[in-house]
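[1] Okay, predicted coordinates and the sequence, questions at the end:
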Amino acid sequence: MKECRRGSGERPKAWDLMKYLGRTIRIVGNFVTDKTVKTKHGTYMKFGTFLDVDGDFFDTVHFPPSLVAYPLRDWGLYLIEGKVVEEFGCPAIEVSRCGKMPLKTDPRSV
């Protein structure tokens, strides 16, 4: 499987996700909202919405195994890794890993 690797110079953005269809990418997103759904097996999964660095929306799908291992904990910036998929002409990222990114404190507020 072809991937976007660190140092490759590629920086996926929401508007061009379709060109990465079927590939595993990493993208930084500002968490906007999510929807939790119960699966037919009784476990939970989520659909997430994020803003990329340009302020464009992109969607994520968090299946139960990745949601348990890498939960969405709160608002903030997340580094998301997953495979770009398409449903009804709209791209989304099937999340394999994600984590909330730390923010530097503003030295003016100390």
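    Arrived safely. Numbers count the residues shown, from 1 in each chain.
[2] can you point me to the longest strand in this structure?
    strand 24-38 (DSSP state E).
[3] Hey, what's the angle from the following helix or strand past that strand to strand 24-38? Just curious.
    On the C-terminal side of strand 24-38, the nearest following helix or strand under DSSP states H and E is strand 44-51. Orientation check (axes from the mean of the first three to the mean of the last three C-alpha atoms, to 10 degrees): strand 44-51 against strand 24-38 gives 130 degrees.
[4] pLDDT weak spots in this structure?
    Low-confidence segments of the chain (pLDDT under 70): 1-9.
[5] Now do the contacts for Leu103.
    76-77 (C-beta atoms under 8 Å, 6 or more residues apart in numbering). No exception for glycine: its C-beta is placed from N, CA and C like everyone else's.
[6] Wait, a helix at it?
    No: Leu103 is assigned coil when assessed by DSSP: H, G, I helix; E, B strand; the rest coil, not a helix.
[7] State the distance from it to Arg26.
    Distance, Leu103 to Arg26, using C-beta to C-beta, to the nearest Å: 18 Å.
[8] would you put the C-alpha positions of stretch 30-49 in PDB?
    What follows is stretch 30-49 as a C-alpha-only set of coordinates in PDB (Å, rounded to 0.1, in the frame of the first residue of the first chain):
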ATOM      1  CA  ASN A  30      -9.100  20.800  14.600                       C
ATOM      2  CA  PHE A  31     -11.900  18.700  16.200                       C
ATOM      3  CA  VAL A  32     -15.300  20.100  15.500                       C
ATOM      4  CA  THR A  33     -17.900  17.500  16.400                       C
ATOM      5  CA  ASP A  34     -18.600  13.800  16.400                       C
ATOM      6  CA  LYS A  35     -21.600  11.400  16.300                       C
ATOM      7  CA  THR A  36     -21.500   8.100  18.300                       C
ATOM      8  CA  VAL A  37     -23.400   5.100  16.800                       C
ATOM      9  CA  LYS A  38     -24.000   1.700  18.300                       C
ATOM     10  CA  THR A  39     -23.000  -1.100  15.900                       C
ATOM     11  CA  LYS A  40     -25.100  -4.300  15.400                       C
ATOM     12  CA  HIS A  41     -22.600  -6.100  17.600                       C
ATOM     13  CA  GLY A  42     -23.300  -3.700  20.500                       C
ATOM     14  CA  THR A  43     -20.000  -1.800  20.300                       C
ATOM     15  CA  TYR A  44     -19.600   1.900  19.600                       C
ATOM     16  CA  MET A  45     -18.100   3.700  16.700                       C
ATOM     17  CA  LYS A  46     -17.900   7.400  15.800                       C
ATOM     18  CA  PHE A  47     -18.100   9.700  12.800                       C
ATOM     19  CA  GLY A  48     -15.900  12.800  13.300                       C
ATOM     20  CA  THR A  49     -15.700  16.200  11.700                       C
END
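[9] Many thanks, we can stop here.
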